[in-house]
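Enquirer: fold the following and give me the result.
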Amino acid sequence: MAKLYFYYASMNAGKSAHLLQADFNYRERGMRTMLWTAALDSRSGGLVKSRIGLESAAHRFHSDTNLWAEVSAAHAAEPLDCVLVDEAQFLSGAQVWQLARLADEGGIPVLCYGLRTDFQGELFPGSAVLLGIADALVELKAVCHCGRKATMNLRVDESGAPVKQGQQTEIGGNERYLALCRKHFTQALGR
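Expert: Below you'll find the predicted structure:
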């Protein structure tokens, strides 16, 4: 029975590297996969890229992409063994349900990787639905500067000062975000 998986973590936990390893494992066994990433993150140019240098071409989803239709059409042309989605926090709720349908009705395992919360500790819409309906939730670990598990994403400005307000989504990497434990996240924001 195919399942919907959500692998979540803070920034710098190796989510994309884990996705690419899973993809490699399927392909090494002669299986066919389909990778997706958010078009919103234009830095990657349509690639799933890890900080350790691994990368692979991927389809790009927009907020209005019908993942059920796109993946079903590809599966009808040549059967898929797994669908892997990077930057899953940017999925809409409807898209998460489409992915669940792919697992339930299409019989295709779907592995989603993404952030759980934003820079204010709030759930992303896609992550909220994944946390609610995924068959399996897997937390990947990142480390705070103190050595504790990093679960939060602190947004910083150009000078490294914490950012307390703004749009939920601002694309960036190590220059814009720090992975922190809840204690240091709370201290940085003065909560």
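
Enquirer: tell me where the chain has helices.
Expert: Defined through DSSP state H, the helices belonging to the chain, from first to last, are 15-28, 67-77, 93-104, 125-133, 182-189.

Enquirer: distance of Glu78 relative to Val71?
Expert: Taking Cβ to Cβ, to the nearest Å as the measure, Glu78 falls 12 Å from Val71. Every residue, glycine included, has its C-beta placed from N, CA and C.

Enquirer: meant to ask about Tyr113, not that
Expert: Between Tyr113 and Val71 the computed distance is 16 Å (Cβ to Cβ).

Enquirer: neighbour-wise, which of those two wins?
Expert: Between Tyr113 and Val71, counted using other Cβ atoms under 10 Å, Tyr113 has the larger neighbour count: 28 against 22.

Enquirer: tell me who's in contact with the more buried one.
Expert: Applying Cβ atoms under 8 Å, 6 or more residues apart in numbering, we find Tyr113 in contact with Phe6, Tyr7, Tyr8, Lys15, Ser16, His18, Leu19, Leu84, Val85, Asp86, Glu87, Ala88.

Enquirer: got the residues you listed as TSV, with pLDDT, distance to Ala57 and neighbour count columns?
Expert: TSV is the format used below for the contacts of Tyr113 (pLDDT from 0 to 100; distance: Cβ to Cβ, whole Å; neighbours: other Cβ atoms under 10 Å):
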residue	pLDDT	distance to Ala57	neighbour count
Phe6	98	23	28
Tyr7	98	20	25
Tyr8	96	24	24
Lys15	93	18	24
Ser16	91	13	22
His18	95	18	19
Leu19	96	13	27
Leu84	98	12	26
Val85	98	14	31
Asp86	95	12	29
Glu87	94	15	27
Ala88	97	18	32
